[in-house]
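[1] With the sequence up front, the predicted model follows.
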Amino acid sequence: MKQLHIDMVNKAVAKALEVSGRNILLEGWVFKYSKALKCFGMCHYNTKTITLSEPLADSSSYAAVMDTITHEIAHVLAGHAAGHGPTWVEIHKSMGGPGTRTTLFCKEQEDLIASKYKWHVINTLDGTVAYRYLRKPRTNWSTAYIRGKPETLGKLVLRAV
């Protein structure tokens, strides 16, 4: 991990120790980067791993990355069953986070994410992009339609971007 992110993790782990009395690193939890573009961070209970999206972290503010790290550590402290419920919200807020589920993306991040999609499904009725994919989908688009819009049946085409 990059030194800035390591420093942020250490700061958040220290706050978790202060709030809960638990040192998650001594409990075997590790931090790793992922290449994810749809998920800023994730807590994997089965492997005791917290992942942080490297491309999103690199293009985000200090506050957004810190919020994500504390968000995921709050999951560790609250336990798997807590989800994003009241216990998790209380812990996240006690660690300095807003107690919310998501981090808002800025325009630059939205552009970064959009640039990674290599396949678009186009609605030929109006020329709009109905769906975006990172990998080529196997769907037979001649028999597909946009949910709630049956008039689009047979009107969708897959295009490489």
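    Nice, I can see it.
[2] the strands in the protein, which residues?
    Remark: strands assigned in the chain by DSSP state E are 30-34, 41-44, 49-53, 119-123, 129-133, 156-160.
[3] Pick out the residue nearest the middle of this structure.
    With distances taken as C-alpha atoms, centre = their mean, Cys39 lies nearest the centre of the chain, 1.5 Å away.
[4] need the contact list for it.
    Ser53 (C-beta atoms under 8 Å, 6 or more residues apart in numbering). The way it works is simple: take the backbone N, C-alpha and C, and place the C-beta from them, glycine included.
[5] number of nearby residues for the closest residue to Arg101 other than its chain neighbours?
    The shortest distance from Arg101 to any non-neighbouring residue, by C-beta to C-beta, 6 or more residues apart in numbering, is to His84 (5.1 Å). Other residues lying near His84 total 16 when counted by other C-beta atoms under 10 Å.
[6] Which one, of the strands of the chain, ends up nearest to Arg101?
    strand 41-44 (11.5 Å; C-beta to C-beta).
[7] That closest one pairs with which strands, and in what direction?
    strand 49-53 (antiparallel) (DSSP bridges).
[8] now the strand it pairs with, how far from the chain's geometric center?
    Relative to its parent chain, strand 49-53 has a centroid offset of 9 Å by C-alpha atoms, centre = their mean, to the nearest Å.
[9] residues in contact with it?
    Under C-beta under 8 Å, 6+ apart, the answer for strand 49-53 is 1, 5, 29-37, 39-44, 65, 68-69, 72-73, 76.
[10] Tell me the buried residues within those.
    Taking 16 or more other C-beta atoms under 10 Å as the criterion, what is buried in the contacts of strand 49-53 is 5, 29, 31, 34, 37, 40-43, 65, 68-69, 72-73, 76.
[11] hmm, back to that, distance of the residue nearest to Arg101 relative to Val19?
    18 Å (C-beta to C-beta, to the nearest Å).
[12] Run through the helices of this structure in chain order.
    Secondary structure of the chain (DSSP state H): helices located at 3-20, 54-58, 62-78, 86-94, 107-116.
[13] right, so those helices: which one is the most enclosed?
    Mean neighbours per residue, mean count of other C-beta atoms under 10 Å, is largest over the helices of the chain for helix 62-78, with a mean of 22.
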